[in-house]
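Q: let's see this in three dimensions:
(one chain, ligands or ions: 2)
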Amino acid sequence: FTPATQKSQGRLSALFMADGNSDATIMVNGMPGPMATAAAEACLRKGLKLSPVAMTGPEIEPCTITVSDMVSGKSANVRLIPSTETDELAAAIAGAKEGAGEKNLLAIDYTHPSAVNANALFYIDNQLPFVMGTTGGDRDKLMADVTAAKHFAVIAPNMGKQIVAMQAALEDLASKYPSAFAGYTLQVTESHQKTKADTSGTAKAVIDSLKELSDDGFTYDDINMIRGDEEAMEFGVPEEGLKGHAFHTYTLTSADGSVQFGLQHNVVGRTVYAEGTADAVKFLSKKLKTESEGKVYSMINVLEAGALD
Ligand SMILES: NC(=O)C1=CN([C@@H]2O[C@H](COP(=O)(O)OP(=O)(O)OC[C@H]3O[C@@H](n4cnc5c(N)ncnc54)[C@H](OP(=O)(O)O)[C@@H]3O)[C@@H](O)[C@H]2O)C=CC1
Ligand SMILES: O=C(O)C1=N[C@H](C(=O)O)C[C@H](O)C1
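A: Ligands and ions are numbered 1, 2, ... in the order given. Next comes the predicted model:
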């Protein structure tokens, strides 16, 4: 380099460092599942490195996969270790930290509702900051465990920017105009691919806000869940979305039926969540470097920080 180029390179790298992401290495857990894989690809696309080891399901044989992002052309090999091999995983995390630097290794979790609480404790024990996209499990325990440990984490049932914005607006509405829909009844239908293990975590969070607005005694059990292909298509899901979609409709109806409000968000595929997840992990990486104590952030915090592209 000439001195001038060196200077501008220095400025560039200072900018990159100020963004807090240049050294971030991400352990994406839950591959070869579709959401973890999409998140890993988005990490590559957004300039993050992938940890060479990650956690996979207990039934999966240890193996090495190649994650390839078609958009950026970047790829990385990742060795998958079953979640039951906790000692091997802990050693792999220690090794990855040595390579990346103590504050530069973070995890993304897109595993299974049944793994949520154990995985969170594993991250806490191994001092691994994490973004938890996996829904389900005992959410109160999850929040209590991570908060008590003062651990750095982003936890949210939905990482899609526009859905997070809608959730933020609803929370705002509920706090400013509580009971504005008193007397209205609520109906909720959510359709997902037939492999989805749990009731939508997003639907539950949206219902929590809607219940502040309406006095309907709606419970999560009243959610109309669609998991079959035929019914999904009748609900408007296109054929190409059957293997990955989230079609949600929330309806509030007045007691006499003369007034109806509808809220709908329909997503085909998983890209919108994967992009938001990579942004969330970048946000968390910055927090690790600027905050002395860990805490649980939501995606609304990430949105408010202007960190969602
Ligand atoms: N926050 C958000 O924006 C979004 C959240 N989600 C949530 O993400 C989660 C994953 O979704 P999806 O990929 O569709 O789910 P899948 O069930 O299709 O895939 C999950 C993957 O995780 C593996 N797995 C199971 N248990 C563990 C474990 N203990 N440790 C590591 N890996 C494990 C599974 O292996 P095996 O098949 O062997 O069990 C599988 O490969 C769900 O909870 C879903 O609701 C999804 C989209 C967006
Ligand atoms: O499993 C999915 O697909 C999704 N899960 C999340 C949820 O449970 O709400 C987010 C989105 O609905 C897709």
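
Q: beta partners for Leu252?
A: Under the criterion DSSP bridges, Leu252 forms beta bridges with Leu186, Phe261.

Q: same question for stretch 59-72, mean pLDDT?
A: On average, the pLDDT along stretch 59-72 is 97.

Q: can you give me the buried ones in that stretch?
A: For stretch 59-72, a neighbour-count test (16 or more other C-beta atoms under 10 Å) marks 65, 67, 69 as buried. Yep, even glycine has a C-beta here, placed from its N, CA and C like the rest.

Q: how close does the last one sit to Ala42?
A: Read it as Asp69. Applying C-beta to C-beta, to the nearest Å, the value for Asp69 to Ala42 is 8 Å.

Q: got the buried residues for the helix or strand containing Glu171?
A: Element membership for Glu171 (DSSP states H and E) is helix 161-176. Across helix 161-176, burial judged by 16+ other C-beta under 10 Å covers 161, 163-164, 166-168, 170-171, 173-174.

Q: what do you get for stretch 184-198?
A: The neighbour-count criterion (16+ other C-beta under 10 Å) identifies 184-193, 196, 198 as the buried residues of stretch 184-198.

Q: end to end, how far does it reach?
A: Stretch 184-198 has an end-to-end distance of 27 Å (C-alpha to C-alpha, to the nearest Å).

Q: near ligand 1, which residues of the chain?
A: Within the chain, the positions adjacent to ligand 1 are 29-30, 32-36, 55-60, 83, 110-113, 115, 133-136, 156-159, 195, 197, 201, 270, 273 by C-beta under 6 Å from any ligand atom.

Q: among those, which are within reach of ligand 2?
A: 135, 157-158, 201.

Q: can I get those residues in TSV with pLDDT?
A: Shown next, in TSV, are those (pLDDT from 0 to 100):
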residue	pLDDT
Thr135	98
Pro157	98
Asn158	98
Gly201	98
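
Q: who wins for most neighbours among those residues?
A: Among these, the one with the most neighbours (other C-beta atoms under 10 Å) is Asn158, at 26 neighbours.

Q: returning to what we had before: CA-only coordinates of the helix holding Glu171 in CSV, if you can.
A: Taking C-alpha atoms only, helix 161-176 is exported to CSV below (Å, rounded to 0.1, in the frame of the first residue of the first chain):
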residue,chain,number,x,y,z
LYS,A,161,-38.3,-5.9,10.8
GLN,A,162,-41.9,-5.0,9.7
ILE,A,163,-43.5,-7.5,12.0
VAL,A,164,-41.4,-6.2,14.9
ALA,A,165,-42.5,-2.6,14.0
MET,A,166,-46.1,-3.7,14.0
GLN,A,167,-45.6,-5.3,17.4
ALA,A,168,-44.0,-2.1,18.7
ALA,A,169,-46.9,-0.1,17.4
LEU,A,170,-49.4,-2.4,19.1
GLU,A,171,-47.6,-2.3,22.4
ASP,A,172,-47.7,1.5,22.1
LEU,A,173,-51.4,1.5,21.3
ALA,A,174,-52.1,-0.8,24.2
SER,A,175,-50.3,1.3,26.7
LYS,A,176,-51.7,4.6,25.4
